[in-house]
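Asker: turn this into a model:
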Amino acid sequence: MTNNTNTPKKLWGGRFSGAVDPLMDEFNASIKFDKCMYEADCIGSIAYAKALAKNNILTEHERDELVRGLTQVMEEWSQGQFKIQPGDEDIHTANERRLGEIIGTHIAGKLHTGRSRNDQVATDMRLWLRETATQLLAHLKELIAVVIARAEKEIDVIMPGYTHLQRAQPIRWSHFLCSYAWSLQSDAQRLEQLLDRLNVLPLGCGALAGHAFKIDREFLAKELGFRDIIHNSMYAVSDRDFIAEFLFWANMTMVHISRLSEDLIIYSTSEFGFVKLADAYSTGSSLMPQKKNPDSLELLRGKCGTVFGDMTGFMCMYSKLPSTYNKDLQEDKVPMFDAAHILSGSLQITAGVVNTMQIFPEKMRASLSADLLATDLAEYLVRKGVPFRETHHISGAAVKMAEDQNSSISELTLDDLKSIHSSFEEDVKSVWNFETSIENRDTPGGTAKSSVLKQIQLLKTWLSSTKHH
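Answerer: As a prediction, this is how the structure comes out:
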């Protein structure tokens, strides 16, 4: 009988005598994608080594050797020097194999005492996502800062506001920008709440039933910066709600980015001409020399669908699982990594687009027409004591009269208006002013200059209060 002494031993191999199908080996392996968690895996293992020594399962010398070896493993990864070997089926296996090469397998083999890859990977993922989400939160807040800085600078620019993609009422360009800043602030708040919820420790729960060596889990939590431990071992190893929440957050944020992209794509067309993207965020046509395409915005819009696919794929997998760990959970990482990668690029690209695009205030103003003031005409009559439900119909009749005369509503004479309702007076001329219409909407949340400046100040105050979190 051949003794394959040079064949790498699998962490779980003692139970099995037959060879594994090579295709199954590849199918089972996750090292190609979970290697990005190398730092989290090493940091978690260093803390675990300290906890084992604290409990006298390791000597101080063994602890120090493990810390030294794991630090070297981490450095090799960071320097691009780590060599993945056959048999390194996942990041945990690879790191433990290399650790044994550095400090010897006798000491390295003690590191996994009482630990399962079930609680190990759950810890790695929380550590990785905590760091990644913190970076994404910084990118998100930078995008908000870019949007409100532009809103403050261009506070006097006015434009049509749209409902159903039809011109509706005059607004400030800054009011439009702030509408997205508030959506993005909600995204930031959701991510902050998720960061708090995911920051609980699974390590020390073993495979599913708990730890047999009285490991100090509170020590582990403090060492790794978790606010608490997870208090049920079965829940600890199987919970991936934090990934579901992260993927929903990523989807919601990409929806807001996609909608902003769609607005800016429309506004950048020749038909609108409100904005023009910087060359850095545009491309040309391989056939038509005159084209300048908003490819950055179109890609942002398209990647919204990719992130949605990440979430739906994950939820389909997650919803079918029985209790505790199942190998299906290996499929939780790719959507998490993919969504995080897309969001990192998308947030930064969006900030770049908004920061560098050119606007054309004269084109925005030229798109304003008197019919956008039809509501103001109704409100004029309200101030004369006419009930709004009646004034709405009166204003509608004025719009129809102007259409029948093939003229603008502002060109109707006082006699024309009086033929519709006797309450019209000479001062109705004051209605036909876009700035007046905008400034009349000065309640909190409105498009008046004072209201928009208040929005900007509230957002700036919020950013300032959270910048160190």
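Asker: domain assignment for the chain?
Answerer: Using automatic domain parsing, the domain parsing of the chain gives 21-108, 117-204+232-366, 370-466.
Asker: right, and those - which one's nearest residue 224?
Answerer: For these, the distance to residue 224 is smallest for domain 21-108, at 5.1 Å, taking C-beta to C-beta. All C-beta spots, glycine's among them, are computed from the backbone N, C-alpha and C.
Asker: next SSE downstream of the strand or helix carrying residue 128?
Answerer: Counting by DSSP states H and E, the element that carries residue 128 is helix 117-153. Where DSSP H and E defines the elements, the next helix or strand beyond helix 117-153 is strand 158-163.
Asker: which strands and helices sit next to that next one?
Answerer: Helices and strands touching strand 158-163, by 3 or more C-beta pairs under 8 Å, 6 or more residues apart in numbering; DSSP states H and E, are strand 166-172, helix 173-198, helix 361-366, helix 434-439.
Asker: mean confidence for that strand?
Answerer: Averaging pLDDT along strand 158-163 gives 98.
Asker: that one vs helix 173-198, what angle?
Answerer: Relative orientation of strand 158-163 versus helix 173-198 (axes from the mean of the first three to the mean of the last three C-alpha atoms, to 10 degrees): 60 degrees.
Asker: run the chain-centre distance for strand 158-163.
Answerer: In terms of C-alpha atoms, centre = their mean, to the nearest Å, the centre of strand 158-163 is found 27 Å from the chain centre.
Asker: that strand: partners in the sheet, and parallel or antiparallel?
Answerer: Using DSSP bridges, the strands paired with strand 158-163 are strand 166-172 (antiparallel).
Asker: can you list the buried residues in the strand it pairs with?
Answerer: Neighbour counts over strand 166-172 (16 or more other C-beta atoms under 10 Å) mark 167, 169, 170, 171, 172 as buried.
Asker: can you list contacts of it?
Answerer: Contacts to strand 166-172, defined as C-beta atoms under 8 Å, 6 or more residues apart in numbering, come from residues 155-162, 367-369, 371-373, 375, 434, 437-438, 447, 449, 452.
Asker: what sits against the nearest residue to residue 354 once chain neighbours are set aside?
Answerer: Excluding the flanking residues, the one nearest residue 354 by C-beta to C-beta, 6 or more residues apart in numbering is residue 146, at 5.3 Å. Residues near residue 146 by C-beta under 8 Å, 6+ apart: 351, 354, 355.
Asker: for residue 146, give its distance to residue 296.
Answerer: 14 Å (C-beta to C-beta, to the nearest Å).
Asker: just to be sure, residue 221 is in a strand?
Answerer: No: Residue 221: not assigned to a strand; according to DSSP: H, G, I helix; E, B strand; the rest coil it is helix.
Asker: contacts only, for it.
Answerer: Counting by C-beta under 8 Å, 6+ apart, residue 221 has contacts 200, 201, 227, 228, 229.
Asker: can the residues you listed go into JSON lines with extra columns for distance to residue 86 and secondary structure?
Answerer: Converted to JSON lines, the contacts of residue 221 look like this (distance: C-beta to C-beta, whole Å; DSSP: H, G, I helix; E, B strand; the rest coil):
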{"residue": "200", "distance to residue 86": "36", "secondary structure": "strand"}
{"residue": "201", "distance to residue 86": "33", "secondary structure": "strand"}
{"residue": "227", "distance to residue 86": "40", "secondary structure": "coil"}
{"residue": "228", "distance to residue 86": "40", "secondary structure": "strand"}
{"residue": "229", "distance to residue 86": "37", "secondary structure": "strand"}
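Asker: most neighbours of all those residues, which one?
Answerer: In terms of neighbour count, residue 201 stands highest of the contacts of residue 221 at 27 neighbours, by other C-beta atoms under 10 Å.
Asker: that one contacts residue 222, doesn't it?
Answerer: No: using C-beta atoms under 8 Å, residue 201 is not in contact with residue 222, being 9.4 Å away.
Asker: any idea how far the residue nearest to residue 143 when sequence neighbours are not counted is from residue 149?
Answerer: For residue 143, ignoring the flanking residues on the chain, the nearest one in space by C-beta to C-beta, 6+ apart is residue 351 at 4.3 Å. Distance of residue 351 to residue 149, given as C-beta to C-beta: 10 Å.
Asker: higher neighbour count, those two?
Answerer: A count of neighbours by other C-beta under 10 Å puts residue 351 above the other of residue 351 and residue 149, at 18 against 15.
Asker: residues of the helix or strand where that one lies that come out buried?
Answerer: Assigned by DSSP H and E, residue 351 belongs to helix 333-356. By 16+ other C-beta under 10 Å, the buried positions in helix 333-356 come out as 333-340, 342-343, 346-347, 349-355.
Asker: just want the angle from it to helix 117-153.
Answerer: 10 degrees.
Asker: run the chain-centre distance for helix 333-356.
Answerer: The chain centroid and the centroid of helix 333-356 are separated by 8 Å, computed with C-alpha atoms, centre = their mean.
Asker: number of nearby residues for residue 236?
Answerer: Residue 236 has 26 neighbouring residues, counting by other C-beta under 10 Å.
Asker: distance of it from residue 219?
Answerer: Residue 236 sits 16 Å away from residue 219, going by C-beta to C-beta.
Asker: need phi/psi at the closest residue to residue 421 other than its chain neighbours.
Answerer: Excluding the flanking residues, the one nearest residue 421 by C-beta to C-beta, 6+ apart is residue 394, at 4.9 Å. Here is the backbone geometry of residue 394 (degrees, to the nearest 10): phi -60, psi -40.
Asker: enumerate every residue touching the closest residue to residue 195 other than its chain neighbours.
Answerer: Distances taken as C-beta to C-beta, 6+ apart place residue 133 nearest to residue 195, at 5.5 Å, with adjacent residues excluded. Residues near residue 133 by C-beta under 8 Å, 6+ apart: 191, 194, 195, 198, 246, 340.
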